[in-house]
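1. Build the 3D model from these lines:
(chains A and B)
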Amino acid sequence: MAKFVFIVPPLTGHINPTLSMGAVLLERGHRVGWITLDESLAAKLPAGGELLHISYDENDQQKRESEQYLDIITKKIVYGIDSLKFLYEEVLIPLNRHSYDGIAYLLDQFEPDLVITDHQMFAGAIAATNKKLPYATSVTAPAAIKVMEELPKIHEWEMNQVIGLQREFGVEANTPIVCSELLTMVLTSQEFFGDMELTPNFRFTGPVINRPATKITFDWDKLQQSSKPKILVSIGTTFDHEHKKNFFTKVVEAFGDDELTVVVVSDPALFEQWPENFIVQRQVPQLDLLPHLDAVVCHGGHNTVCETLSNGLPLVVIPIAYDQSHVAGRVVRTGAGERLNFNRFKAHHLKEAVHQILNNPDYKTAAETIKRSFIEAGGTETAADMLEQVATKQSLEVLKN
Amino acid sequence: MDTVASTTKMNRDEIFDLMKQFITEVIGEEFVEEMDITPESSFTKDLEMDSIEIVSFSEKIKAHFGDQIDFTGWLSSMDLDQLINLNLGMIINYIYECQ
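-> Residues are numbered from 1 along each chain as shown, chains lettered A, B, ... in the order given. Okay, here's the model as predicted:
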């Protein structure tokens, strides 16, 4: 038995894959903890998982500060290249700076055999290094390690922010240490990631898909009664109300009364009335739903895109910010879908793009190809195997010394 | 030979028109019609182009001018703030000077 600890940011897309990997490690008899700022994660942990909550002997000021990081990313409308500046300067760097002491303390308490830190929890890699603990890295948003040949300074700028933070906490390296030399798991397939030389410490696990423990109710009758093509429209958890209102206004205009059944992930109260052919729920059982669908419209969050492609379904991707432009680019490049520009697209573009991916079988064929590459890469069990191997190897090293 | 070179050298207006054509190809005609594209238009804020769109725009410049100008080299030297502030006029100047 070994002790593993995941260090996760308060971002759903980054947490979900760790829940699956953790569940497998727990089933195999290991101890698994999660270090997080978000206390509510306790309810989502797999049975036996231990919540290691970052909390300070706090005055109210610090407590408020901790809480503000939980949803800071939803607080500002950002777009395109600009959004990267916001992400690093206003979200990731302050979040990591704030989390460092708590992480370092919890690592001392838990004494893990292996730390698994999210690639955006730089403080996790820094704390593990300072505590001389072995760590692996989980790259849940693989675009972050991709350097755009034409715009290399974007990645360089990002990494300089990380190096600056490392120095603050006494790690003098001139390169970012966030991607572990022992094992950096890239949660996709090489085929979907695209061409780029990576050193052997980078291993493709395929998507690590999380099946939530709680059942989400859904209007299955309405879905199954329909003989029309079915699509899902979702723009994820990260974007605020105004974005959603503009977006779904266009979705309603595009597909109201269309020969489609449209499942929408949204607060139903966003509009007083939705078209008859829409099923609108705040949450949907996405993984159970996907096998019944014909296509997906989304913002290009890595998890939703991978879950969709794992079902061999084509997509229309409408990236908003961060790495989504890149994810959308990969969907187009692999032939599995079309992309639209979030600010510019109009209802008729969305309608045309969806009918195009539904009617031209080439998109589905390309999606099936990616699906096969995901299956070959392995997924959750493979990721768990890799983590076990590194943990075993590390404990042998310790015994030898 | 000098005459050939001078007739192929484009003036700033011609470069501007060519750039506008490339932008149209990247983002679509109907959007360009709605926008007032000027040399002051910035790629990120005014044209709302994201990184992937900027790259496809640069590919068009590369395809058109070939080895005549090292546009990719110039673009790849830009840091984040320069990219955020990049406007059409800067590109027109660069191409003009390179000819």
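2. Counting neighbours, what do you get for residue A:356?
-> Neighbour count for residue A:356, taken as other Cβ atoms under 10 Å in any protein chain shown: 15. C-beta here means a position set from N, CA and C on the backbone, and glycine is covered the same way.
3. Look up the pLDDT of the residue nearest to it when sequence neighbours are not counted for me, please.
-> Take residue A:356 and drop its neighbours on the chain: the residue closest to it by Cβ to Cβ, 6 or more residues apart in numbering or on different chains is residue A:338, 6.4 Å away. Per-residue pLDDT puts residue A:338 at 97.
4. next one: residue B:90
-> 96.
5. What mean pLDDT does the helix or strand hosting residue A:396 get?
-> Using DSSP states H and E, residue A:396 sits within helix A:380-400. For helix A:380-400, mean pLDDT is 91.
6. What's the separation between the residue nearest to residue A:356 and chain B?
-> Distance of residue A:338 to chain B, computed by Cβ to the nearest Cβ, to the nearest Å: 13 Å.
7. Is it correct that that residue is in contact with residue A:316?
-> Yes - with contact defined as Cβ atoms under 8 Å, residue A:338 reaches residue A:316; the gap is 5.2 Å.
8. can you pull the buried residues of the helix holding residue A:396?
-> A:380, A:382, A:383, A:384, A:386, A:387, A:388, A:390, A:391, A:394 (16 or more other Cβ atoms under 10 Å in any protein chain shown).
9. if I pick the nearest residue to residue A:329 once chain neighbours are set aside, what's in contact with it?
-> Distances taken as Cβ to Cβ, 6+ apart place residue B:52 nearest to residue A:329, at 4.4 Å, with adjacent residues excluded. Contacts for residue B:52 (Cβ atoms under 8 Å, 6 or more residues apart in numbering or on different chains) come out as A:325, A:326, A:328, A:329, A:339.
10. Residue numbers of the stretch 251-400 of chain A in contact with chain B?
-> With the criterion set to Cβ under 8 Å from any Cβ of the partner chain, the stretch 251-400 of chain A comes near chain B through A:319, A:325, A:326, A:328, A:329, A:339, A:341, A:343, A:344.
11. In terms of helix, strand or coil, where does the fourth one fall?
-> In other words, residue A:328. Secondary structure, DSSP: H, G, I helix; E, B strand; the rest coil: residue A:328 is helix.
12. gap between it and residue A:263?
-> According to Cβ to Cβ, to the nearest Å, residue A:328 and residue A:263 sit 21 Å apart.
13. The two - which one has more neighbours?
-> Counting neighbours by other Cβ under 10 Å for residue A:328 and for residue A:263 shows that residue A:328 has the greater number, 29 against 23.
14. Residue A:298 is in contact with that one, correct?
-> No - counting by Cβ under 8 Å, residue A:328 stays clear of residue A:298, with 9.4 Å between them.
15. what's the average pLDDT for stretch A:73-92?
-> Across stretch A:73-92, pLDDT averages out at 83.
16. And for stretch A:170-189?
-> In this model, stretch A:170-189 has a mean pLDDT of 96.
17. mind checking the end-to-end distance for it?
-> Distance between the two ends of stretch A:170-189: 35 Å, counting by Cα to Cα, to the nearest Å.
18. now swap in stretch A:249-260 and tell me
-> For stretch A:249-260, the first-to-last residue distance is 17 Å (Cα to Cα).
19. just stretch A:160-178 next, same as before
-> Distance between the boundary residues of stretch A:160-178 (Cα to Cα) amounts to 12 Å.
20. That stretch near chain B anywhere?
-> No - using Cβ under 8 Å from any Cβ, stretch A:160-178 never reaches chain B; the gap is at least 9.5 Å.
21. Give me the contact list for that stretch.
-> Residues outside stretch A:160-178 that contact it (Cβ under 8 Å, 6+ apart): A:88-89, A:92-93, A:96-97, A:100, A:117, A:119, A:122-123, A:125-127, A:129-130, A:137, A:159.
22. and residue 69, how many residues sit next to it?
-> In the absence of a named chain, this looks at chain A. Count around residue A:69 with other Cβ under 10 Å applied: 20.
23. ah, I was thinking of chain B
-> Here the count is done by other Cβ under 10 Å, and residue B:69 has 18 residues near it.
24. Does it touch residue B:98 like I think?
-> Yes - in terms of Cβ under 8 Å, residue B:69 counts as a neighbour of residue B:98; the distance is 4.0 Å.
25. can you map out the strands along the stretch 51-200 of chain A?
-> Here the stretch 51-200 of chain A has its strands, by DSSP state E, counting those that start in this stretch, at A:114-118, A:135-139, A:184-186.
26. helices or strands next to the last one in the packing?
-> In other words, strand A:184-186. With contacts taken as 3 or more Cβ pairs under 8 Å, 6 or more residues apart in numbering or on different chains; DSSP states H and E, strand A:184-186 sits against strand A:135-139, strand A:202-204, helix A:380-400.
27. Can you lay out the ones you listed as TSV showing distance to residue A:289?
-> Compiled in TSV, these are given as follows (distance: least, Cβ to Cβ, whole Å):
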stretch	distance to residue A:289
strand A:135-139	26
strand A:202-204	27
helix A:380-400	20
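28. nearest to residue B:83, of the ones you listed?
-> For residue B:83, the closest of these is strand A:135-139, at 23.8 Å, according to Cβ to Cβ.
29. gap between the closest residue to residue A:95 other than its chain neighbours and residue A:135?
-> Sequence neighbours aside, residue A:69 is the residue nearest to residue A:95 in space, at 4.8 Å (criterion: Cβ to Cβ, 6+ apart). When Cβ to Cβ is the yardstick, residue A:69 and residue A:135 sit 22 Å from each other.
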